[in-house]
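Visitor: the following block contains a protein sequence and its predicted model.
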Amino acid sequence: MDAAPDLSQHLPPLLARVQKPGRYTGGELNQVVKDWLTTPLRVALAFPDIYDLGMSNLGLAILYDLINRQPDMLAERVFAPWVDMEAQLRSSGLPLYSLESKRALSDFDILGVSLPYETLFTNTLNLLDLGRIPIRSADRRESDPLVLAGGHACLNPEPMAEFMDAFVIGEGEEVMLEIARLVLNWKASGASRQALLGRLAKIWGVYVPSLYEVFYSGDGTVDRVSPSHPDATFPVLKRIVPVLPPPPTNFIVPYIDVTHNRIPIEIMRGCTRGCRFCQAGMITRPVRERPVEEIVGAIEQALGATGFEEVALLSLSSSDYDEILPLVEAVAQRFRDRHLNISLPSLRIESFSAQLMDVLQAESHRSGFTLAPEAATERMREIINKPVSTAQVLATARDIYERGWHTLKLYFMIGHPSETLEDVQAIADLCKAVLAVGREVRGGRAQVHAGVSTFVPKPHTPFQWVPCDTIEQIRLKQDLLKRTLRGKGLRMTWTRPEETMLEAWLARGDRRMAQVVFQAWKLGARFDAWKEHFDSAAWLAAFASAGLEPTFYTHRERPIDETLPWDHIDGGVKKSFLTEDYLMSQRGQTRVDCRNRCFACGILPKYAHLRRENPGEVWECPEVRSPQRAASLSLPVEAA
Ligand code: SF4
């Protein structure tokens with residue numbers, strides 16, 4: 001293994017035949033190249049889509065920085081090769097390699113795959129195949145890398161269970177180093193791969209699927225998932241970090257244009273708003289904020305290290321950050337002479353202030369301003385627990401146009417539970433009303449762009465039991481919008497219904513879905529998130545060959561007492577809270593932001609000791625002082 005060949009010398013002829021060879025060369029400013037031979041543990045961090053997208057993935061940047069800070073470990077990057085490069089690799093017989101040292105994936109000790117969304121599943125199989133790693137966990141030999149996945153899509157790991165040796169459930173900063181340290185010790189011990197899997201299963205936040213068995217009922221639903229190994233914890237509780245660790249600042253600066261050429265700084269993790277369709281809002285609790293000084297200091301360092309001209313202050317809902325105005329003012333003031341562009345990608349209508357707009361107006365370019373009402377009638381917004389009034393949407397739109405923006409981007413979702421065609425028509429009406437406001441303020445230059453996606457009921461949300469719209473229902477709603485949401489100044493984009501179906505199958509699938517993923521990949525499915533590559537026929541053929549019915553996963557309302565394929569994964573929020581919230585939605589009842597009133601969603605009893613050790617403003621949840629309460633906690637914590 002130590003003599004793993006560096007493939008650099010074989011690459012020039014391949015790179016001469018592909019678009020954007022800069023995707024495959026590495027060598028950028030701030031990449032970390034450690035000595036391959038003398039570094040005991042080697043980790044490949046993969047994002048299973050192209051470089052242009054993967055380089056903007058903050059999770060990858062965080063882990064790259066953390067691992068490379070360890071003197072006895074190295075981390076290198078791997079991205080999915082675009083189809084032209086895949087053809088070159090296959091025809092030349094070369095394996096997929098890491099960008100830093102140009103070593104084959106199979107030469108690493110660990111391959112960590114980032115899975116933020118489900119449409120990356122087939123690309124992951126392709127990545128393993130191109131990297132010369134057996135696709136199924138059961139087929140891997142002692143010398144093969146340990147293959148891990150993490151990211152939001154792993155909160156239902158079952159459709160990828162056959163392919164992964166282990167999943168990280170939740171936040172990776174601490175657990176990734178524990179896993180890496182465990183693998184390092186395991187390498188020295190000479191113990192078997194099976195022994196390694198057993199030890200991994202004892203780490204809090206690690207799910208080793210091969211150590212659990214799934215039993216099905218006669219009607220095809222999951223009866224139960226049971227641990228089949230004494231070290232397999234049940235359920236597997238999501239890992240969190242009690243306090244956000246310092247953000248990375250030494251970002252790699254690509255040679256080629258990528259999705260986001262900017263400094264990404266996470267200002268806050270978690271969301272307390274409780275939108276019922278939003279998986280991220282449910283699975284990233286509790287809310288933890290970074291101090292203003294830490295953020296400003298990180299921007300200073302990152303600017304020095306990269307020369308980027310834009311900073312993105314990231315979170316699920318940036319205007320909910322407690323000190324958002326002082327933060328934006330501090331950043332604007334400190335970096336005024338550098339003409340730094342400040343971007344706040346996720347702003348909520350209710351927590352957005354005219355003052356904040358004034359600062360952003362001074363600092364930002366005016367290409368467009370984004371708001372996400374998600375639904376256009378107040379009835380629907382109550383059902384999804386995003387209770388903003390139409391008057392508030394229009395008033396915010398006016399404020400935005402008055403501050404110099406010409407284009408307002410509005411995000412909506414169709415397919416929410418109990419939605420009618422009137423609710424859909426209201427999307428077009430609201431867009432026109434917003435445009436009318438824009439016209440009053442900015443005249444003929446005002447524009448509204450409506451981004452209309454389709455709701456997929458995601459695991460660990462209050463809507464996890466509801467059915468997805470059928471393709472016919474989605475088409476009917478989209479056709480209505482295409483007819484009515486048109487005219488000068490209006491633009492609409494939408495998601496193809498077939499792509500929504502794929503996302504729903506994969507998000508809601510059980511372990512049998514692995515057969516479908518595998519067959520679809522064998523039939524040529526990859527880059528499923530790319531319109532030009534998505535192959536609906538391959539997926540339907542894969543379902544047929546696996547003997548599974550796609551609608552079973554998507555169009556069936558699941559009874560509250562059904563065992564869901566992901567019930568053995570504990571996302572922190574308790575199922576009884578989700579159930580109660582689901583029933584509240586059916587009654588049109590809403591909950592306020594839980595910063596104002598805790599609804600006992602389950603976070604505090606599960607993470608009581610962490611909250612007790614980190615009192616005050618570090619978390620937005622109430623404090624836990626009682627030792628008895630903390631003692632009742634039963635975290636499956638095991639040091640690696
Ligand atoms: S414990 Fe309370 S405050 Fe914390 S996330 Fe849950 S509901 Fe919100």
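Guide: That came through, no problem. Numbers count the residues shown, from 1 in each chain.
Visitor: which SS class is the residue nearest the centre of the chain?
Guide: Per CA atoms, centre = their mean, the C-alpha nearest to the average position across the chain is that of residue 116, at 3.2 Å. State at residue 116, reduced to three classes by DSSP: H, G, I helix; E, B strand; the rest coil: coil.
Visitor: which ones are touching it?
Guide: When contacts are counted by CB atoms under 8 Å, 6 or more residues apart in numbering, residue 116 touches 57, 59, 151-153. In short, each C-beta sits where N, CA and C put it, glycine included.
Visitor: again, but for residue 376
Guide: The contact partners of residue 376, taken as CB under 8 Å, 6+ apart, are 390, 412, 423, 426-427, 429-430.
Visitor: how about a cut-off of 6 Å?
Guide: 426-427, 430 (CB atoms under 6 Å, 6 or more residues apart in numbering).
Visitor: closest one to residue 64 out of these, please.
Guide: residue 427 (40.4 Å; CB to CB).
Visitor: closest one of the contacts of residue 116 to the ligand?
Guide: Nearest to the ligand among those: residue 152, at 17.2 Å, using CB to the nearest ligand atom.
Visitor: got phi/psi on that closest one?
Guide: The phi/psi pair for residue 152 (degrees, to the nearest 10) reads phi -60, psi -30.
Visitor: for it, grab the count of nearby residues.
Guide: Residue 152 sits with 22 neighbouring residues when counted by other CB atoms under 10 Å.
Visitor: so it versus residue 569, what's the distance?
Guide: Separation of residue 152 from residue 569 (CB to CB, to the nearest Å) stands at 12 Å.
Visitor: over to residue 237?
Guide: Separation of residue 237 from residue 569 (CB to CB) stands at 9 Å.
Visitor: mind pulling up the pLDDT for residue 630?
Guide: We have a pLDDT of 43 for residue 630.
Visitor: the strands in the stretch 501-640 of the chain, which residues?
Guide: Per DSSP state E, counting those that start in this stretch, the stretch 501-640 of the chain carries strands over the ranges 569-570.
Visitor: sorry, back to before: TSV please, covering the contacts of residue 116 and showing secondary structure and pLDDT.
Guide: TSV is the format used below for the contacts of residue 116 (DSSP: H, G, I helix; E, B strand; the rest coil; pLDDT from 0 to 100):
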residue	secondary structure	pLDDT
57	coil	94
59	helix	96
151	coil	98
152	helix	97
153	helix	98
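Visitor: could the residues you listed go into TSV alongside distance to the ligand?
Guide: Shown next, in TSV, are those (distance: CB to the nearest ligand atom, whole Å):
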residue	distance to the ligand
57	26
59	22
151	21
152	17
153	22
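Visitor: may I ask which of the residues you listed has the most neighbours?
Guide: Sorting these by how many neighbours each has (other CB under 10 Å) puts residue 153 first, at 26 neighbours.
Visitor: so that one sits against residue 118, correct?
Guide: Yes: using CB atoms under 6 Å, residue 153 is in contact with residue 118, at 4.8 Å.
Visitor: and the pLDDT at the residue nearest to residue 6 when sequence neighbours are not counted?
Guide: The shortest distance from residue 6 to any non-neighbouring residue, by CB to CB, 6 or more residues apart in numbering, is to residue 102 (5.1 Å). Residue 102 carries a pLDDT value of 97.
Visitor: distance of residue 569 relative to residue 161?
Guide: Look at residue 569 and residue 161: by CB to CB, they are 11 Å apart.
Visitor: over to residue 83?
Guide: Residue 83 sits 27 Å away from residue 161, going by CB to CB.
Visitor: so these two - more neighbours on which side?
Guide: residue 161 (23 against 16).
Visitor: from memory the more buried one sits against residue 511, does it?
Guide: Yes: between residue 161 and residue 511 there is a contact at 5.1 Å, judged by CB under 6 Å.
Visitor: shared neighbours of the two, anything?
Guide: Residues touching both residue 161 and residue 511 (CB under 6 Å, 6+ apart): none.
Visitor: list, one by one, the residues from this protein near the ligand.
Guide: Proximity of the chain to the ligand, by CB under 6 Å from any ligand atom, involves residues 272, 285-286, 594, 598-601, 603-604, 621.
Visitor: just give me the closest of those to residue 490.
Guide: residue 272 (33.8 Å).
Visitor: out of the helices and strands in this protein, which is least certain?
Guide: Across the helices and strands of the chain, mean pLDDT, DSSP states H and E gives its lowest value to helix 627-631, namely a mean of 49.
Visitor: now residue 571: closest residue in space, sequence neighbours ignored.
Guide: residue 460 (4.0 Å).
Visitor: in terms of secondary structure, what does the helix or strand containing residue 391 contact?
Guide: Using DSSP states H and E, residue 391 sits in helix 390-402. The contact analysis (3 or more CB pairs under 6 Å, 6 or more residues apart in numbering; DSSP states H and E) places helix 390-402 against helix 421-442.
Visitor: tell me what the helix it packs on is packed against?
Guide: In terms of contacts (3+ CB pairs under 6 Å, 6+ apart), helix 421-442 is packed against helix 390-402, strand 447-454, helix 471-484.
Visitor: surely residue 142 touches residue 195?
Guide: No: in this structure, residue 142 is not within contact of residue 195 by CB under 6 Å, at 10.5 Å.
Visitor: neighbour count winner among those two?
Guide: The residue with more neighbours, out of residue 142 and residue 195, is residue 195; 13 against 10, by other CB under 10 Å.
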